[in-house]
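here is a sequence with its predicted model. Questions after.
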Amino acid sequence: MKYKIAYIDEDQSDTRRFQRFSYNFFEVVPIIPKDSIEDTCNEILESHVDAIVSDFDFAEQLSTVHYDGTDLVSLFLKKREGFPVFILTSYEDDAISKGEDVNIIYEKKEMDEGEQFLERVKAQIEKYKHKLETDEKRLLELIAESKKRKLDALEKEELAELDSKIEKALDKESRISNLLRDDKEASELSELLKKVDELAKSLGKKDE
């Protein structure tokens with residue numbers, strides 16, 4: 001089973017190069033940056049990929065694009081906390097000085113130096129998926145416990161946090177965490193179980 005990753009670059013030759021480089025590892029979804037960073041981010045979300053690899057400087061060939069790869073992954077991480085993101089660039093120093101996390105920035109020459117970079121991407125995908133599965137398991141434990149007794153304040157807070165994480169994993173905004181404060185257990189737990197089921201189906205599809 002190949003994971004699906006988005007590759008964002010305005011240079012089609014570099015996109016083809018990356019597709020050849022990662023052919024044996026990943027299904028690559030090529031994305032050309034749009035003028036609007038929000039539109040590009042939404043296209044990535046709608047492609048339901050397992051990771052993002054982005055070029056840094058989009059303005060080299062697209063003068064109407066006024067953001068770069070670090071801006072794009074920063075916006076995406078606000079929607080999907082902890083999601084596997086990588087910057088692959090010819091301008092490593094510029095990207096490092098601009099970016100918030102130097103650990104996600106790699107030089108494009110990685111494509112000439114074997115498969116170590118691809119192994120890193122795969123490892124981050126599997127780490128992220130494992131974290132979601134762990135959150136799902138803990139959420140089910142709390143739901144089961146809530147049917148036996150009234151949850152305390154810390155447990156309710158944990159339930160709300162897990163709800164928010166799962167909403168983000170499903171590309172939705174959190175809708176019901178505030179209900180936890182109102183003790184509406186029946187309706188809110190029903191909603192949570194629906195979300196857990198959606199997450200399990202989503203993870204299951206990618207594991208096939």
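Arrived safely, thanks for sending. Residues are numbered from 1 along each chain as shown.

so the residue nearest to the spatial centre of the chain: helix, strand or coil?
By Cα atoms, centre = their mean, the mean C-alpha position of the chain lies nearest to Phe83, the distance being 3.1 Å. Secondary structure for Phe83, judged by DSSP: H, G, I helix; E, B strand; the rest coil, is coil.

that one touches Lys127, doesn't it?
No. Phe83 is beyond contact range of Lys127, at 10.9 Å (criterion: Cβ atoms under 8 Å). To be clear about C-beta, it is placed using only N, CA and C from the backbone, and glycine gets the same treatment.

buried residues, whichever helix in the chain runs longest. List them.
Ranked by residue count, the top helix of the chain under DSSP state H comes out as helix 116-146. Under the neighbour-count criterion of 16 or more other Cβ atoms under 10 Å, helix 116-146 has 117-118, 120-122, 124-125, 128-129, 132, 135-136, 139, 142-143, 146 buried.

which strands or helices does that helix pack on?
strand 3-8, strand 26-31, strand 51-54, strand 85-89, helix 153-169, helix 185-207 (3 or more Cβ pairs under 8 Å, 6 or more residues apart in numbering; DSSP states H and E).

and the residue nearest to the centre of the chain, what's its pLDDT?
What the model reports as pLDDT for Phe83 is 92.

how is the protein carved up into domains?
3-114, 129-207 (automatic domain parsing).

now the weakest link among those domains, please, by mean pLDDT.
domain 129-207 - the lowest mean pLDDT of these, at a mean of 72.

okay, stretch 102-113 in CSV with CA atoms only?
The C-alpha coordinates for stretch 102-113 follow below in CSV (Å, rounded to 0.1, in the frame of the first residue of the first chain):
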residue,chain,number,x,y,z
VAL,A,102,14.1,23.9,10.8
ASN,A,103,13.5,20.1,11.1
ILE,A,104,11.0,20.1,8.2
ILE,A,105,13.4,21.8,5.7
TYR,A,106,15.5,19.8,3.3
GLU,A,107,17.5,20.6,0.2
LYS,A,108,16.3,19.4,-3.2
LYS,A,109,19.6,17.6,-3.7
GLU,A,110,18.0,15.0,-1.4
MET,A,111,16.4,13.7,-4.7
ASP,A,112,19.9,12.8,-5.9
GLU,A,113,21.1,11.1,-2.7
